[in-house]
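>>> just coords:
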């Protein structure tokens, strides 16, 4: 009808491996329903489902033994597992004379199980029976006739999760899963925030944006250990290393200026800060807050009666304490994953082009070049309680792609009832 719309999308991706049962399969389905009862009210409802099965990879980079000696420097891990994610959300808004009030609730449920084999220590089994995420956001934004663009709001998020790691150890049979040690984490983390942002004109062609966000995080973890007698683990039987309960506060900002070179070409520059709270790691060792200062310059352009759009951006992100996954090896190569803070710097260039060939045909091309490197070593406390240096050699941060290129083409087929059917194909390199 004229007041409602329904959209459904489904895609499946399969990657074949070099050997039998060595591939990956991903399925993603999503549906959205929009209802507009009047000119002032808008109701959007949505649901998504995602599933993954197949081979996955971990990373044992910079792993050290209990004597502080570097193991590696790179130890590849390979596993097979399943992940399922279900999500529902809504976006409800109404226009008042003083502004637009919007409420956005969301809920996500994740379940996963993964078996990982490491050539040094054998196998691990990672199980997450539930990982539930609930969020609420309410915001008030400027009315449509305001010269000043502004928004104020509040945000709440809670994550309640249960995850277990069954750690195998057998030096004679390194690829056999022996559940010598089970580490169970019961997580209940809460974040609340208030935020405000405004964009004001500075002359006819320039605009200035300023924003602030105050965030309060409470990180809570109940962690329990259980293992078979005789397993080489330096914690007495029955020891509970947590509960861990700690609060973190952060005030972050955004400053951005943009200028219109022509009605269809603009340049901009911005600086902003962000943070992630700290948290608990193995054997009572905690990791600190991660902070980032991000710089970006770029240009947004439209050509040929708005049929061609070309965007350029260059960025630099500085992390004084980048939260990095690391792997520790205790007595007899017992493997424990942890978090360690390491200074790092990310920089890169992004180019994106969209060409409306015809009213029904569209070509998308994008590419990015990035470099993510550690800028010094990190410190971590090993399983024996000793402080050791995590040697990075100022090398590349794992899993950060250097070059990504994507090409896509889509065509819209008009339907007799006024709707349309879209077909698309894309290819990417990374």
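Arrived safely, thanks for sending. The structure presented is a predicted model; accordingly, all values stated were derived computationally and were not measured.
>>> how near is residue 271 to residue 353?
26 Å (C-beta to C-beta, to the nearest Å). (Each C-beta comes from the backbone N, C-alpha and C, glycine too.)
>>> In the sheet, which residues pair with the closest residue to residue 133 other than its chain neighbours? Tell me.
In space, not counting the residues next to it along the chain, residue 133 is nearest to residue 108; the distance is 4.4 Å by C-beta to C-beta, 6 or more residues apart in numbering. Partner residues in beta bridges with residue 108, using DSSP bridges, are residue 87, residue 133.
>>> same check, this time on the one 4 residues further on
Beta-bridge partners recorded for residue 112 (DSSP bridges): residue 83, residue 128.
>>> show me what contacts it?
Under the criterion of C-beta atoms under 8 Å, 6 or more residues apart in numbering, the neighbours of residue 112 are 81-84, 126-128, 131.
>>> which of the residues you listed has the most neighbours?
Using other C-beta atoms under 10 Å as the neighbour definition, those reach their maximum at residue 126, which records 20 neighbours.
>>> Can you give me the distance of that one to residue 185?
Applying C-beta to C-beta, one obtains 11 Å for the distance of residue 126 from residue 185.
>>> Next: residue 413.
As defined by C-beta to C-beta, residue 413 lies at a distance of 49 Å from residue 185.
>>> Mind checking which of these two has more residues around it?
Between residue 413 and residue 185, counting by other C-beta under 10 Å, residue 185 is the more crowded of the two (17 against 10).
>>> What pairs with the longest strand along the chain, parallel or antiparallel?
Of all the elements of type strand in the chain, the one with the most residues (DSSP state E) is strand 335-358. The pairing partners recorded for strand 335-358 under DSSP bridges are strand 308-329 (antiparallel), strand 361-374 (antiparallel).
>>> now the first one: mean pLDDT?
Yep, that's strand 308-329 we're talking about. In this model, strand 308-329 carries a mean pLDDT of 85.
>>> what's the answer for the last one, then?
Per-residue pLDDT values across strand 361-374 average out to 92.
>>> Go ahead and name everything in contact with that strand.
Outside strand 361-374, the residues touching it (C-beta under 8 Å, 6+ apart) are 322, 342-357, 392-397, 400-412, 426.
>>> Need the per-residue pLDDT for residue 36.
Predicted confidence (pLDDT) at residue 36: the value is 95.
>>> The stretch 51-200 of the chain: strands as residue ranges?
Along the stretch 51-200 of the chain, the stretches classed as strands by DSSP state E, counting those that start in this stretch are 63-64, 70-71, 76-96, 99-118, 122-141, 149-167, 181-201.
>>> Quick check: which of those is buried the most?
With neighbours defined as mean count of other C-beta atoms under 10 Å, these peak in mean count at strand 63-64, which reaches a mean of 24.
>>> Indicate which one of the strands of the stretch 51-200 of the chain is closest to residue 33.
Across these, residue 33 has its closest neighbour in strand 76-96 (9.8 Å, C-beta to C-beta).
>>> Count the residues that sit near residue 372.
Residues within reach of residue 372, counting by other C-beta under 10 Å, total 19.
>>> got it, and the one 4 residues further on?
For residue 376, the neighbour count with other C-beta under 10 Å is 10.
>>> Let's verify it: helix, strand, or coil?
coil (DSSP: H, G, I helix; E, B strand; the rest coil).
>>> what's near enough to touch the residue nearest to it when sequence neighbours are not counted?
If you skip the residues right next to it in sequence, residue 376 has residue 343 as its closest partner in space, 4.9 Å away by C-beta to C-beta, 6+ apart. For residue 343, the set of contacting residues under the criterion of C-beta under 8 Å, 6+ apart consists of 319-322, 374-376, 378.
>>> Tell me how far the most centrally placed residue in the chain lies from residue 288.
When the chain is reduced to its mean C-alpha position, the nearest residue by C-alpha atoms, centre = their mean turns out to be residue 276, at 11.6 Å. Distance of residue 276 to residue 288, computed by C-beta to C-beta: 10 Å.
>>> and what of residue 13?
As judged by C-beta to C-beta, residue 13 and residue 288 stand 37 Å apart.
>>> For the residue nearest to residue 133, which residues are in contact?
With contact taken as C-beta under 8 Å, 6+ apart, residue 108 is in contact with 85-87, 132-134.
>>> Could you rerun that using 10 Å?
The contact partners of residue 108, by C-beta atoms under 10 Å, 6 or more residues apart in numbering, come to 48, 50, 85-89, 131-135, 159.
>>> Next: residue 415.
The neighbourhood of residue 415, defined by C-beta under 10 Å, 6+ apart, consists of residue 421.
>>> give me phi/psi at it?
According to degrees, to the nearest 10, the main-chain angles of residue 415 amount to phi -100, psi 160.
>>> in this protein, what spans have low per-residue confidence?
Under the criterion pLDDT under 70, the flagged ranges of the chain are 1, 17-22, 55-79, 116-125, 165-184, 225-242, 281-285, 326-338, 378-394.
>>> how big is the angle separating the longest strand of the chain from strand 149-167?
Note on geometry: by axes from the mean of the first three to the mean of the last three C-alpha atoms, to 10 degrees, strand 335-358 and strand 149-167 are set 140 degrees apart in direction.
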